[in-house]
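A.B. asks: What follows is a predicted structure for the sequence shown.
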Amino acid sequence: MFARKGPRLNVSLVRAAKAHADTLASPLLRVVNLRKSYATPQGPQPVLRGVDLSLRAGETLALMGESGSGKSTLLHLVGALDHADGGQILLDGVDIAVLSENARASMRREKIGVVFQQFNLVASLTVAENLAFQARLAGRYDPDWQMRLTQRLGLEKLVARYPEQLSGGQQQRVAVGRALAVRPKLLLADEPTGNLDEMAGDAVMGLTLELVAETGCAFLMATHSARLAARLERRETLVAGALARA
Ligand SMILES: Nc1ncnc2c1ncn2[C@@H]1O[C@H](COP(=O)(O)OP(=O)(O)O)[C@@H](O)[C@H]1O
Ligand SMILES: [Mg+2]
């Protein structure tokens, strides 16, 4: 009996260890030689000239750089909201450029949460409806998780309100909840506290980092604030269209 059980246990242990090692070795997100130009009257204007970036599951990374350095452009490409001119973006080992539009859309809905500087809530929906919006679209609505997010983000008393009846900080907490409601593998945030005063911004940042740790998702945040960037595990800076370690 033990003779049969022993080897099986070992095999499954070895397998689990190998799977764990693979997860650690192969990053969740890999960006390779990414290039993007915008058309201008003076001809194509290169913004990203070969960006390389790697993010492991659960890792938090601040993307820094001066205004106009291409932070939003990079986040849009990683979020599959725009097309690159060259290079690769691999999410979970899948090159998003080779996916059909439909496959890209479902990958975006299921694996990626996005928080924008301008909150971008749906004005005609209540807080509760906004929170559930993306999760319902993705077929990943989970009422228990939504309730927990609502509580953790301090939104219980606001669920029936509309976005225009909320402060900026409250709106951004709803946007964070909406992005995390799908339990994404990757949370992207583009200057999420850029429209908030310092106190409200710090509160949103603190809650976001707590929930990122709780869900185990990776977090990539664009910011020009060294103070906020210091709260994440890693920092990289966009300079002249490529990344330099900060
Ligand atoms: N849709 C667009 N069309 C043309 N130029 C753009 C567009 N979006 C951004 N840019 C230009 O690309 C550069 C990088 O912009 P952006 O990615 O928004 O930088 P950041 O987020 O770091 O401020 C800027 O010079 C900006 O003017
Ligand atoms: Mg920007």
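C.D. replies: Yep, that arrived. Here the structure is a predicted model, which is why all the values come from computation and not from measurement. Numbering: from 1, shown residues only. Ligands and ions are numbered 1, 2, ... in the order given.
A.B. asks: contacting residues around residue 130?
C.D. replies: 121, 122, 163, 174, 175, 178 (CB atoms under 8 Å, 6 or more residues apart in numbering). Bear in mind the C-beta positions are built from the backbone N, C-alpha and C, glycine included.
A.B. asks: where's the nearest residue to the first one once chain neighbours are set aside relative to ligand 1, distance?
C.D. replies: What that stands for is residue 121. Nearest non-adjacent residue to residue 121, counting by CB to CB, 6 or more residues apart in numbering: residue 163, 4.2 Å away. According to CB to the nearest ligand atom, to the nearest Å, residue 163 stands 24 Å off from ligand 1.
A.B. asks: same thing with residue 170?
C.D. replies: For residue 170 relative to ligand 1 (CB to the nearest ligand atom), the value is 25 Å.
A.B. asks: go on, residue 84?
C.D. replies: 13 Å.
A.B. asks: In terms of helices and strands, where is that residue?
C.D. replies: Using DSSP states H and E, residue 84 maps to neither a helix nor a strand.
A.B. asks: quick one: contacts for it?
C.D. replies: 34, 35, 36, 48, 77, 97.
A.B. asks: Where does pLDDT dip in this structure?
C.D. replies: Across the chain, the ranges flagged by pLDDT under 70 are 1-12, 16-25, 246.
A.B. asks: and it, which of its residues are near ligand 1?
C.D. replies: Proximity of the chain to ligand 1, by CB under 6 Å from any ligand atom, involves residues 38, 47, 65, 67, 68, 69, 70, 71, 72, 73.
A.B. asks: Just the ones in helices from those, please.
C.D. replies: 71, 72, 73 (DSSP state H).
A.B. asks: distance of the spatially closest residue to the first one that is not a sequence neighbour from residue 78?
C.D. replies: Just to be clear, that refers to residue 71. With sequence-adjacent residues excluded and distances taken as CB to CB, 6+ apart, residue 71 is closest to residue 222, at 3.8 Å. Distance of residue 222 to residue 78, given as CB to CB, to the nearest Å: 10 Å.
A.B. asks: Check residue 113 too.
C.D. replies: From residue 113 to residue 78 the distance is 12 Å (CB to CB).
A.B. asks: So for whichever residue of the chain sits closest to ligand 2, what's the nearest residue that isn't a sequence neighbour?
C.D. replies: With CB to the ion as the measure, residue 72 is the residue of the chain nearest to ligand 2, at 3.2 Å. Among residues not flanking residue 72 along the chain, residue 190 sits closest, at 5.4 Å (CB to CB, 6+ apart).
A.B. asks: Setting aside sequence neighbours, what's the nearest residue to residue 184?
C.D. replies: Nearest one to residue 184, counting by CB to CB, 6+ apart, is residue 113 at 3.9 Å.
A.B. asks: next one: residue 238
C.D. replies: In space, residue 238 is closest to residue 65, 3.4 Å off (CB to CB, 6+ apart).
A.B. asks: got a list of what the one you found touches?
C.D. replies: So residue 65 contacts 71, 222, 224, 237, 238, 239 (CB under 8 Å, 6+ apart).
A.B. asks: nearest to residue 194, of those?
C.D. replies: residue 224 (8.4 Å; CB to CB).
A.B. asks: ok, the closest residue to residue 216 other than its chain neighbours - contacts?
C.D. replies: Leaving out its chain neighbours, the residue that sits closest to residue 216 by CB to CB, 6+ apart is residue 58, at 4.9 Å. By CB under 8 Å, 6+ apart, the residues touching residue 58 are 216, 217, 218.
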